[in-house]
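[1] Next input, structure requested:
(chains A, B, C and D)
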Number of protein chains: 2
Amino acid sequence: MTLHHDIARKLADAGIPLTSQRLLIACELFAEHCHLSADELLQRVGSLTPDISRATVYNTLKLFSQKGLVQELVVENGKRVYDSNTAPHPHCYNADTGELTDVHQSLQLAGPLPELPPGTALERVDIIVRVRNVA
Amino acid sequence: MTLHHDIARKLADAGIPLTSQRLLIACELFAEHCHLSADELLQRVGSLTPDISRATVYNTLKLFSQKGLVQELVVENGKRVYDSNTAPHPHCYNADTGELTDVHQSLQLAGPLPELPPGTALERVDIIVRVRNVA
DNA sequence: TTCAGTTTTTAGACACAGTCTAAACCGGAA
DNA sequence: TTCCGGTTTAGACTGTGTCTAAAAACTGAA
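    Sure, this is the predicted structure:
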């Protein structure tokens, strides 16, 4: 059972037809737990094969996110990053460096969730710990 | 004591020299508690006097944010909004409509904050309740 | 008041992330 | 083989925000 087979299975389970481009993107995305932007991913994949277009990377990431394979995050500077860890977990954002890291310790909310606006259902609760470099 | 005087005092207290443009922007921003993007604000101010430039709106909002008069938020779709309520409070984001609202009930974290990365200090903790419209 | 120096504002060019479009491509079924 | 749907592609396009250089406005001193 190779990594490729694992990932092909993962896509099939999510109901996503396999293509060579999707396999490549998924490999890069799931190889290590990190937070990648579309352009970073495009660069990584592009350095392997020059034959993958920007639109495909964007489409594929959106598809993966819709199917629950990755979590889309927007923290700052108008750049969305994709987290291959889909379990709910807080993030730590360094406002000076722009670095985004996972917080492995689970942070629970004390008390019940607030009343949601009428006609809406909870999707998830994002917790972002913002830090700055000390002088 | 008019609204203009209140706001002029507010800027002075924050160490921001007063200009007519800053006063106009601040009025629009503090008149009602809402979440405005730079372009929305530009449109509102521009409809009053056509003589205020985009760069000024962006610069002023950044200045206000640095001085702690407003809170800058980035939620999704690469658009930053400015919240005139600077007290820490959670937000509710509707992923279907893009609407961002305040949650007035305070949400505390259970347990201590996680260990911060070395060389960093806490700025704030953002809590965003993401909801979707029910079908 | 005039002058010089500083701060603020301005228009427009620019950069960047992401979307859209229309055509090309691919793979399977008939 | 042809047809047909889904997928990929290049490149144009949009929208948000930044940069730059020049104009304008303010400030304090003479």
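[2] is it true that A:Arg130 touches A:Asp96?
    No: assessed by CB atoms under 8 Å, A:Arg130 is found out of contact with A:Asp96, at 10.3 Å. Just so you know, the C-beta spots here come from the backbone N, C-alpha and C atoms, and that holds for glycine as well.
[3] Those two - which one has more neighbours?
    A:Arg130 (17 against 12; other CB atoms under 10 Å in any protein chain shown).
[4] What residues are bridge-paired with that one?
    Going by DSSP bridges, A:Arg130 is paired in beta bridges with A:Tyr93, B:Arg124.
[5] Now do the helix or strand harbouring A:Ile25: which elements does it pack against?
    Here A:Ile25, judged by DSSP states H and E, is contained in helix A:20-31. Contacts defined by 3 or more CB pairs under 8 Å, 6 or more residues apart in numbering or on different chains; DSSP states H and E place helix A:20-31 against helix A:3-13, helix A:38-48, helix A:54-66.
[6] and these as TSV, adding mean neighbour count?
    Below are those laid out as TSV (neighbours: other CB atoms under 10 Å in any protein chain shown):
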stretch	mean neighbour count
helix A:3-13	13
helix A:38-48	16
helix A:54-66	17
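[7] do the worst-scoring helix or strand of chain A on mean pLDDT and chain B meet at all?
    The weakest-scoring helix or strand in chain A, judged by mean pLDDT, DSSP states H and E, is strand A:108-110 (a mean of 72). Yes: for strand A:108-110, a contact with chain B is found by CB under 8 Å from any CB of the partner chain, at A:108-110.
[8] The helices and strands packed on helix A:20-31: lowest mean pLDDT?
    Among those, helix A:38-48 carries the lowest mean pLDDT, at a mean of 82.
[9] so that one versus helix A:20-31, what angle?
    Relative orientation of helix A:38-48 versus helix A:20-31 (axes from the mean of the first three to the mean of the last three CA atoms, to 10 degrees): 110 degrees.
[10] Which positions in the least confident helix or strand of chain A come out as buried?
    A:Leu109 (16 or more other CB atoms under 10 Å in any protein chain shown).
[11] Stretch A:94-112 too?
    Within stretch A:94-112, the residues scored as buried using 16+ other CB under 10 Å are A:94-95, A:100, A:103, A:107, A:109.
[12] between the residues you listed, which is nearest DNA strand C?
    A:Leu100 (12.9 Å; CB to the nearest atom of the strand).
[13] ok, now which ones touch the closest one?
    Going by CB atoms under 8 Å, 6 or more residues apart in numbering or on different chains, A:Leu100 touches A:35, A:73, A:75, A:81, A:91-94.
[14] For those, name the two members farthest from one another.
    For the contacts of A:Leu100, with distances taken as CB to CB, the pair at the greatest spread is A:Leu73 and A:Asn94 (14.3 Å).
[15] Quick check: the gap between A:Asp51 and A:Leu24.
    10 Å (CB to CB, to the nearest Å).
[16] The two - which one has more neighbours?
    A:Leu24 (21 against 10).
[17] tell me which parts of chain A are close to DNA strand D?
    By the rule CB under 7 Å from any atom of the strand, the part of chain A lying against DNA strand D is A:17, A:19-22, A:51-56, A:59-60, A:78.
[18] Surely A:Asp96 touches A:Ala135?
    No: counting by CB under 8 Å, A:Ala135 is not a contact partner of A:Asp96; they are 10.5 Å apart.
[19] hang on, A:Ile128 is in a helix, isn't it?
    No: using DSSP: H, G, I helix; E, B strand; the rest coil, the secondary structure at A:Ile128 is strand, not a helix.
[20] do you know how far it is from B:Asn94?
    Counting by CB to CB, the gap from A:Ile128 to B:Asn94 is 18 Å.
[21] remind me which residues of chain A are low pLDDT?
    A:1-2, A:47-50 (pLDDT under 70).
[22] if you set the cut-off to 90 instead, what comes out?
    Confidence mapping of chain A against pLDDT under 90 gives the ranges A:1-6, A:31-34, A:43-52, A:75-79, A:87-88, A:95-99, A:103-117, A:133-135.
[23] near DNA strand C, which residues of it?
    Checking chain A against DNA strand C by CB under 7 Å from any atom of the strand, the hits are A:37-39, A:54-55, A:58, A:62, A:78-80.
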